[in-house]
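Peer 1: Structure here, sequence nowhere to be found:
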């Protein structure tokens, strides 16, 4: 006959086992330490450091010059160009080399986000970024620094496709565009800060020290990607939820086994038998790659047939083409038309202020209007139209101060599109496609937008000059 006291003690033990296991499962479901505002701050800091590097590589302190001799006086060679004796074309390649890594890696990271913890992907990418910029400081010839600049693009790719979806998921519903605008506001401010940073460090210490400093700044964020508990991204299912479910199932089995020792012995025997007979076979690497490629091609097809997404990205490409040509040729035009002695500083200052204020204002305005797709397109079309008219009209004025005022307002309106255009990129596709949509958008605006804009506008200028000369000779 069973002892009632013994059964009661065994029952209490079972309840204790079950409660312990369920507490573990609840613990695994607790929210991450990172509040939405902390997450936004971390992403903004990463974006800022990334564009500090972009600005530093363009600054004279890092970029440098060849040795120049005039009237018996020689200026020593400085920076990367002077150290490796590079021509202007080679120096230009260094500033654009990140595009190679960005182009190749962006779709890969976006596709892997469906099956791998996104924060670990960001950690891997930022580790590559840190290694690459540190390698730039240790480079020994042009080829070595060129490869490191390409790897910088690989590191950036892991971040740009995943940060915006996380921000959008965790931002308050009434401030989604403002949060996105805050993130993208770090682009002009980071670039400007990098230009100053590169000039100061490059001239006082060395161009190598500028890269080492960037690596030190990014290292904590790279480590953070591996150690912090991940947040869930909408449209994705990762291992954390499966682990919690497994813990709960284990708790149930422990309870059942404790209540009936005979059944527990039978169950253990069945588990051993099943593990030996039905041992799951892991898919081969080739099969995994094939599955990822087929999934990627399907996702790409879904993006390319989405008319709203395609139209939005095409408009974004045109916008970046104009901004890229303005940023390069604007100071030269200002010097030639209005004889500005410090055209670089004037245009740079206007772009920085308008970039920060305009980007934040655009996000705030769309949230104030109610952040819907319809309102986003209304704001995009209005700001782009009037911004383009004002910028074009500015170059038609003869007075320099009138030009600066009109140009500043035009740029303010153009930068106001940053938040809304990325809001559309995120919300016109299904949640699982958001990382890929951001990756393809970023690649497109660089390949077809700001990167080729400066040389193409230069070619057009040469053709127009030749055409005018030929007309005058007739």
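Peer 2: The structure has been received and is ready for your questions. If you're wondering where the values come from, they're calculated on a predicted model, not measured in any experiment. Residues are numbered from 1 along each chain as shown.

Peer 1: what's downstream of the helix or strand hosting residue 198, the next helix or strand?
Peer 2: Per DSSP states H and E, residue 198 falls inside helix 176-204. Toward the C-terminus, helix 176-204 is succeeded by helix 207-227 as the next helix or strand (DSSP H and E).

Peer 1: So for that next one, what gets flagged as buried?
Peer 2: By 16 or more other Cβ atoms under 10 Å, the buried positions in helix 207-227 come out as 207-208, 210-215, 217-219, 221-222, 224-225. (Each C-beta comes from the backbone N, C-alpha and C, glycine too.)

Peer 1: Can you list the buried residues in the helix holding residue 198?
Peer 2: 176-195, 197-199, 201-203.

Peer 1: likewise stretch 145-155?
Peer 2: 145, 146, 147, 148, 149, 150, 151, 152, 153, 154, 155.

Peer 1: do stretch 396-406 as well
Peer 2: Buried-residue list, stretch 396-406, by 16+ other Cβ under 10 Å: 397, 403, 404, 406.

Peer 1: just how off-centre is the helix or strand encompassing residue 454 within its chain?
Peer 2: When secondary structure is defined by DSSP H and E, residue 454 falls within helix 451-473. Relative to its parent chain, helix 451-473 has a centroid offset of 35 Å by Cα atoms, centre = their mean, to the nearest Å.

Peer 1: Ok, stretch 191-199 next?
Peer 2: Centre-to-centre, stretch 191-199 and its host chain are 19 Å apart (Cα atoms, centre = their mean).

Peer 1: Check what contacts it and list those residues.
Peer 2: Around stretch 191-199, the neighbours that count as contacts under Cβ atoms under 8 Å, 6 or more residues apart in numbering are 48, 51-63, 207, 210, 213, 348, 351-352.

Peer 1: In PyMOL, select just the buried ones from those residues.
Peer 2: Of the contacts of stretch 191-199, the buried ones go into a single PyMOL selection, burial set by 16+ other Cβ under 10 Å:
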select buried, resi 48+51+52+53+54+55+56+57+58+59+61+62+63+207+210+213+348+351+352
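
Peer 1: re earlier: I'd like the average pLDDT over the helix holding residue 454.
Peer 2: Averaging pLDDT along helix 451-473 gives 81.

Peer 1: now do stretch 338-349
Peer 2: For stretch 338-349, the per-residue pLDDT averages 73.

Peer 1: mind listing what's buried in that stretch?
Peer 2: The neighbour-count check on stretch 338-349 (16+ other Cβ under 10 Å) flags 338, 340, 343, 346, 347, 348 as buried.

Peer 1: Which of the helices or strands spans the nearest residue to residue 397 once chain neighbours are set aside?
Peer 2: In this structure, residue 397 finds its nearest non-sequential neighbour in residue 403, 4.8 Å apart by Cβ to Cβ, 6 or more residues apart in numbering. Assessed by DSSP H and E, residue 403 sits inside helix 400-415.

Peer 1: Does anything pack onto the one helix or strand residue 159 maps to? Which helices or strands?
Peer 2: Taking DSSP H and E as the criterion, residue 159 maps to helix 142-160. Helix 142-160 makes packing contacts with helix 36-58, helix 79-84, helix 88-96, helix 98-112, helix 118-137, helix 434-445 when contacts are defined by 3 or more Cβ pairs under 8 Å, 6 or more residues apart in numbering; DSSP states H and E.

Peer 1: Can you lay out those helices as CSV showing distance to residue 329?
Peer 2: Converted to CSV, the helices and strands packed on helix 142-160 look like this (distance: least, Cβ to Cβ, whole Å):
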stretch, distance to residue 329
helix 36-58, 15
helix 79-84, 21
helix 88-96, 15
helix 98-112, 20
helix 118-137, 28
helix 434-445, 18
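
Peer 1: Select, out of these, the one closest to residue 410.
Peer 2: Closest to residue 410 of the helices and strands packed on helix 142-160 is helix 434-445 (Cβ to Cβ; 19.6 Å).

Peer 1: Identify the residues contacting the closest one?
Peer 2: Contacts for helix 434-445 (Cβ under 8 Å, 6+ apart): 102-103, 106-107, 109-111, 113, 118, 157, 160-162, 164-165, 168, 234-235, 296, 299-300, 303, 309, 313, 316-317, 319-320, 422, 425-426, 428-429.

Peer 1: residue contacts, the closest residue to residue 188 other than its chain neighbours?
Peer 2: In this structure, residue 188 finds its nearest non-sequential neighbour in residue 355, 2.9 Å apart by Cβ to Cβ, 6+ apart. Each residue near residue 355 by Cβ under 8 Å, 6+ apart is listed here: 185, 187, 188, 189, 411, 415.

Peer 1: Which of the helices or strands spans residue 355?
Peer 2: Here residue 355 is assigned to helix 343-369, by DSSP H and E.

Peer 1: could you check the angle helix 176-204 makes with that helix?
Peer 2: Here the directions of helix 343-369 and helix 176-204 differ by 160 degrees (axes from the mean of the first three to the mean of the last three Cα atoms, to 10 degrees).

Peer 1: I'd like the next helix or strand past helix 343-369.
Peer 2: Next along from helix 343-369, by DSSP H and E: helix 373-394.

Peer 1: Same list, the buried residues of stretch 338-349, but as JSON lines with distance to residue 372 please.
Peer 2: Output for those, formatted as JSON lines (distance: Cβ to Cβ, whole Å):
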{"residue": "338", "distance to residue 372": "42"}
{"residue": "340", "distance to residue 372": "43"}
{"residue": "343", "distance to residue 372": "41"}
{"residue": "346", "distance to residue 372": "38"}
{"residue": "347", "distance to residue 372": "35"}
{"residue": "348", "distance to residue 372": "36"}
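
Peer 1: Sort out which one of those residues lies nearest residue 457 for me.
Peer 2: residue 347 (15.3 Å).

Peer 1: Poorly predicted segments of the stretch 51-200 of the chain, please.
Peer 2: 60-63, 72 (pLDDT under 70).

Peer 1: mind running it again at 80?
Peer 2: 58-78, 87-89, 91-92, 113-115 (pLDDT under 80).

Peer 1: for stretch 73-92, how far is the first residue from the last?
Peer 2: 27 Å (Cα to Cα, to the nearest Å).

Peer 1: what's the spacing between it and its chain's center?
Peer 2: Using Cα atoms, centre = their mean, the offset of stretch 73-92 from its chain centre is 31 Å.
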